[in-house]
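Chemist: would you be able to build a 3D model of this:
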Amino acid sequence: MSTTEFLLDLADLSRTRMRTREGEPLAPGQIRVAVELFSLSANNVTYAAFGEAMHYWQFFPSGEDGWGLVPVWGFATVVQSLHPDVAVGERLYGFFPPASHAVLAPGRLSPSRFTDATALRADLPAVYNQYFRCAQDPLYTPDSEAIQALLRPLFITSWLIDDFLSDNGDFSAQDSSGVATVLLSSASSKTAYGTAFQLAQRPNVRVIGLTSHAHRAFCESLGFYAQVLSYEQLAQLDAATPCVYVDFAGNGDLRRTIHEQFNHLRYSMVIGNTHVDERAEPGSARDLPGPRATFFFAPAQIKKRTGEWGAQVFGERLAQAWFGFTRRAAAGTPPWLQIQTHHGLDALPALWRQVLGGHGDARVGHVLATMAREPTQESGS
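Modeler: Residues are numbered from 1 along each chain as shown. Purely as a prediction, here's the structure:
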């Protein structure tokens, strides 16, 4: 069975190519899945931009120096199985290569999930190695696969950011009235507005969104940013405001401006890299005034909370927040999210360039369907 793959040039992320190769034979205990639906967003741009530093290229090695397979989140169906407890036809959600097929080695199976026990992934973060069995997945509904592919991995990060800040008392960023101010860059991005949605549930947090002028109206329409400013308006904020900065942009110049402007910046968190042409690694900001810019590693917070709460309570709290968020995202006229489906792996090069450029409509989320059927989704999406 042949496999078609989408490769990125590690030295120039705008250069891509498709490769078709013969799939390797399965070993006992392995399964082959057909990757059928996945999202492509700024989240994947972040994976590529930080691929070396955060080991994202190691999940699905390309076997070619200088070329990589950027991981994607989505759905796949088991098409071959040499594992006694995984049946052909089973549907899975998880981390896949941008390819027609992938080989997994299920281990630590439960009715709701399993871990890919492939040796090369043993030292990689466990959260990315888990595959959810849709028939028993508490977050899964068959009519919302496109929304799940787009928002689920992003929202989990959003939820964890809010939890991390709350867990740390918002780093003492409260003003005299006890309200903490949190600044979010790239406020129109899905991970940022998911974070804002969660933060806004806490009455003692004031969320300020920073975005481009073109996306300001969209951010204001969401209804949970206390204030939305274009980047050029940043100077309007009082420099004496105690605050936390959550950096979704990865824009080094913007980060420096914020560190220099705010005298009481309590914490500087680096999340992603939506401004790929202006990216700045956290380590390059050591000379900035104020707190050191610190990369947020979501798996560490997952490990902490599952240790404190237990896996069941962690899952229940996440599910409650997830369904509350997606109900809001799919509602309204127009909804926050409008899904645009692209068909066939041949659509990937043009779609990748579009997402990499970051100039699309903030309401549009892109999914790629490799199968012939149109994915179903919730009303309003």
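
Chemist: for the stretch 151-300 of the chain, give me the ranges with low pLDDT.
Modeler: 272-286 (pLDDT under 70).

Chemist: so where do the strands sit in it?
Modeler: 180-184, 205-211, 227-230, 243-247, 265-270, 294-295 (DSSP state E, counting those that start in this stretch).

Chemist: how far is the fourth one from where the chain is centred?
Modeler: Which is strand 243-247. Computed by Cα atoms, centre = their mean, to the nearest Å, the chain-centroid distance of strand 243-247 equals 18 Å.

Chemist: check the fifth one too.
Modeler: Computed by Cα atoms, centre = their mean, the chain-centroid distance of strand 265-270 equals 20 Å.

Chemist: could you chop the chain up by domain?
Modeler: Annotated domains of the chain cover 2-140+328-369, 152-299 [automatic domain parsing].

Chemist: distance check, Pro98 against Phe59.
Modeler: 11 Å (Cβ to Cβ, to the nearest Å). In this view, the C-beta of every residue, glycine as well, is placed from N, C-alpha and C.

Chemist: the more surrounded of the two?
Modeler: Pro98 (27 against 23; other Cβ atoms under 10 Å).

Chemist: all helices of the chain, in order?
Modeler: 42-49, 145-167, 190-199, 216-222, 252-261, 298-309, 311-330, 348-357 (DSSP state H).

Chemist: what do Pro98 and Phe59 both touch?
Modeler: Residues touching both Pro98 and Phe59 (Cβ atoms under 8 Å, 6 or more residues apart in numbering) are 69, 71.

Chemist: out of the domains of the chain, which comes closest to Leu318?
Modeler: Leu318 sits nearest to domain 152-299 of all the domains of the chain, at 6.2 Å, using Cβ to Cβ.

Chemist: want to try TSV for the domains of the chain, with distance to Gly310 as columns?
Modeler: What follows is the domains of the chain, written out as TSV (distance: least, Cβ to Cβ, whole Å):
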stretch	distance to Gly310
domain 2-140+328-369	14
domain 152-299	15
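
Chemist: among the ones you listed, which is the most enclosed?
Modeler: Among those, ranked by average contacts under mean count of other Cβ atoms under 10 Å, first place goes to domain 152-299 (a mean of 19).

Chemist: got the end-to-end distance for it?
Modeler: End-to-end distance for domain 152-299, by Cα to Cα, to the nearest Å: 15 Å.

Chemist: how far is it from where the chain is centred?
Modeler: On Cα atoms, centre = their mean, the centre of domain 152-299 falls 16 Å from that of its chain.

Chemist: and what of stretch 35-54?
Modeler: Computed by Cα atoms, centre = their mean, the separation of stretch 35-54 from the middle of its chain amounts to 8 Å.

Chemist: what is the end-to-end distance of it?
Modeler: 24 Å.

Chemist: which ones are touching the most centrally placed residue in the chain?
Modeler: Among the residues of the chain, the one closest to the centroid is Leu154, at 3.4 Å (Cα atoms, centre = their mean). Counting by Cβ under 8 Å, 6+ apart, Leu154 touches 41, 43, 190-191, 194.

Chemist: go on, Pro71?
Modeler: Going by Cβ under 8 Å, 6+ apart, Pro71 touches 44, 47, 56, 59-60, 95-98, 128.

Chemist: what's the most distant pair in the residues you listed?
Modeler: Pro98 and Tyr128 (14.9 Å).

Chemist: confidence score at the closest residue to Pro299 other than its chain neighbours?
Modeler: Once flanking residues are discounted, Pro299 sits nearest to Pro125: 4.0 Å by Cβ to Cβ, 6 or more residues apart in numbering. We have a pLDDT of 86 for Pro125.

Chemist: again with Tyr56
Modeler: The per-residue pLDDT of Tyr56 was computed as 95.

Chemist: what do you get for Gln80?
Modeler: pLDDT, Gln80: 97.

Chemist: again, but for Gln377
Modeler: Reading off the model, Gln377 has pLDDT 39.

Chemist: now do the one 4 residues further on
Modeler: For Ser381, the pLDDT comes out at 29.

Chemist: and what of Gly315?
Modeler: So Gly315 comes in at 89 (pLDDT).

Chemist: and if you look at Met1?
Modeler: You'll see Met1 listed with a pLDDT of 82.

Chemist: the spatially closest residue to it that is not a sequence neighbour and Leu120, how far apart?
Modeler: Closest residue to Met1 apart from its sequence neighbours, by Cβ to Cβ, 6+ apart: Gly23 at 4.6 Å. Distance, Gly23 to Leu120, using Cβ to Cβ: 17 Å.

Chemist: quick revisit: mind listing what the residue nearest to Met1 touches?
Modeler: By Cβ under 8 Å, 6+ apart, the contact set of Gly23 is 1-3, 32, 101, 103.

Chemist: please repeat the previous calculation with a cut-off of 10 Å.
Modeler: With contact set as Cβ atoms under 10 Å, 6 or more residues apart in numbering, Gly23 has these partners: 1-3, 32, 80, 99-103.

Chemist: quick one: it and Ile31, what's the gap?
Modeler: Taken as Cβ to Cβ, the span from Gly23 to Ile31 is 12 Å.

Chemist: over to Gln312?
Modeler: For Gln312 relative to Ile31 (Cβ to Cβ), the value is 26 Å.

Chemist: ok, Val364 next?
Modeler: On the measure of Cβ to Cβ, Val364 and Ile31 end up 33 Å apart.

Chemist: same thing with Val313?
Modeler: Taken as Cβ to Cβ, the span from Val313 to Ile31 is 30 Å.

Chemist: let me have the strands of the stretch 151-300 of the chain in CSV, extended by distance to Glu52.
Modeler: Listed next are these as CSV, based on distance: least, Cβ to Cβ, whole Å:
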stretch, distance to Glu52
strand 180-184, 26
strand 205-211, 28
strand 227-230, 32
strand 243-247, 19
strand 265-270, 16
strand 294-295, 13
